[in-house]
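S.K.: give me the fold of what follows.
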Amino acid sequence: MNVQRDYYVRFRYCMEIVGEKTPSWFSKPIEVAFIMGREPIPNILERAIEGRSAGDTIEVTIPPQSAYGPHLSYLVKELDLEALKHPEKVIPGEWYEEVSPYGTKTFF
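M.R.: Sure thing, here's the model as predicted:
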């Protein structure tokens, strides 16, 4: 039976950012379930699984704008590296995370 509109779909996926280091939790498998064509999932995923059968394995590359929407420069926050606990640990293209004494997380 092939996936089509109004079918119940359940699948397991994991994510990665090609060419970049991510935290370990980012690539853990996640399971989702939805009714095809009825629930808000990215169109690129619907197109990738439409017509597929149970047990199929697929690979989908999702452009950032499809996953997060258009880039809005006013949502970008610039940080002074010297304000971080360990600025020497910041490496371009790699994940960085720290927790303030008050429990606030800073990550990028």
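
S.K.: what about the helices in the chain?
M.R.: Under the criterion DSSP state H, helices of the chain are mapped to 43-49, 64-68.

S.K.: out of the helices and strands in the chain, which is least certain?
M.R.: helix 64-68 (a mean of 80; mean pLDDT, DSSP states H and E).

S.K.: residues near the nearest residue to R52 once chain neighbours are set aside, how many?
M.R.: Computed as C-beta to C-beta, 6 or more residues apart in numbering, the closest residue to R52 that is not its neighbour in sequence is V3, at 5.2 Å. Yep, even glycine has a C-beta here, placed from its N, CA and C like the rest. Using other C-beta atoms under 10 Å, V3 has 19 other residues around it.

S.K.: residues contacting V3?
M.R.: By C-beta atoms under 8 Å, 6 or more residues apart in numbering, the residues touching V3 are V9, M36, I49, E50, G51, R52, S53.

S.K.: tell me the contacts of the residue nearest the centre of the chain?
M.R.: When C-alpha atoms, centre = their mean is applied to the chain, the residue found nearest the centroid is M15 (6.0 Å). Applying C-beta under 8 Å, 6+ apart to M15 gives the contacts F26, S27, I30.

S.K.: low pLDDT regions in this protein?
M.R.: Nowhere does the chain drop to pLDDT under 70.

S.K.: could you list the domains of it?
M.R.: Annotated domains of the chain cover 1-71, 77-108 [automatic domain parsing].

S.K.: hmm, back to that, ok, the contacts of V3 vs L81, which is closest?
M.R.: Among the contacts of V3, I49 lies closest to L81 (C-beta to C-beta), at 41.9 Å.

S.K.: distance of the nearest residue to the closest one once chain neighbours are set aside from T104?
M.R.: Spatial nearest neighbour of I49, chain neighbours left out: V3 (5.3 Å); criterion: C-beta to C-beta, 6+ apart. For V3, the distance to T104 equals 42 Å [C-beta to C-beta, to the nearest Å].

S.K.: what's the answer for I35, then?
M.R.: From I35 over to T104 (counting by C-beta to C-beta), the distance is 38 Å.
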